[in-house]
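Trainee: Just the structure for this:
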Amino acid sequence: MNPLLLAYGSLAGAIVCEVAGTALLQHSAQFTKPWPTAAMVGLYVISFYLLSQALKGMPLGVAYAMWGGLGIILTAIISVTVFKQTLDVPALVGIGMIVGGVVVMNTFSSAVSHG
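Mentor: Modelled structure (predicted):
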């Protein structure tokens, strides 16, 4: 399999697991509910494993920036759609800046492998 495709696939899986684990953090009720807490911990462990696999095909700085940035964006979307929380204009502007940063990094950085 293509190493770059494997790296991006692992990174995508890491992001999904991290976001799902973060969503369960809301349901854990400050670690007082055992099942959401256990599931959250398991998802974080899987996320870090997949992130470590992504590092076989991309630099740490790039992988972590994408993991963190996309995780923030997806978590914000879940907070609005699932938990019915609101985001004000400064929060939306900040999230837009994160999106822009991820796009700029992936489009113009020589540190990012483009296959």
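Trainee: so how many other residues sit close to the nearest residue to Y49 once chain neighbours are set aside?
Mentor: The shortest distance from Y49 to any non-neighbouring residue, by Cβ to Cβ, 6 or more residues apart in numbering, is to A14 (7.9 Å). All C-beta atoms are positioned from the backbone trio N, CA, C, and that covers glycine. Using other Cβ atoms under 10 Å, A14 has 24 neighbouring residues.
Trainee: Report the backbone C-alpha coordinates of stretch 83-90 in PDB.
Mentor: The C-alpha coordinates for stretch 83-90 follow below in PDB (Å, rounded to 0.1, in the frame of the first residue of the first chain):
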ATOM      1  CA  PHE A  83     -24.700  19.300  22.500                       C
ATOM      2  CA  LYS A  84     -26.600  22.300  21.200                       C
ATOM      3  CA  GLN A  85     -23.900  24.700  22.400                       C
ATOM      4  CA  THR A  86     -23.400  28.000  20.700                       C
ATOM      5  CA  LEU A  87     -20.400  29.700  19.100                       C
ATOM      6  CA  ASP A  88     -20.100  33.400  18.900                       C
ATOM      7  CA  VAL A  89     -18.500  35.400  16.100                       C
ATOM      8  CA  PRO A  90     -15.000  35.500  17.600                       C
END
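Trainee: quick one on the thing from earlier: sticking with the residue nearest to Y49, tell me its helix or strand.
Mentor: Assigned by DSSP states H and E, A14 belongs to helix 3-27.
Trainee: And V45, by the same measure?
Mentor: Using DSSP H and E, V45 falls in helix 34-54.
Trainee: I'd like the distance from that helix to the chain centre, please.
Mentor: Chain-centre distance of helix 34-54: 12 Å, with Cα atoms, centre = their mean, to the nearest Å.
Trainee: likewise stretch 54-73?
Mentor: 8 Å.
Trainee: quick revisit: can you tell me which residues contact the residue nearest to Y49?
Mentor: A14 makes contacts with I46, S47, F48, Y49, L50, L51, A54, W67, as judged by Cβ atoms under 8 Å, 6 or more residues apart in numbering.
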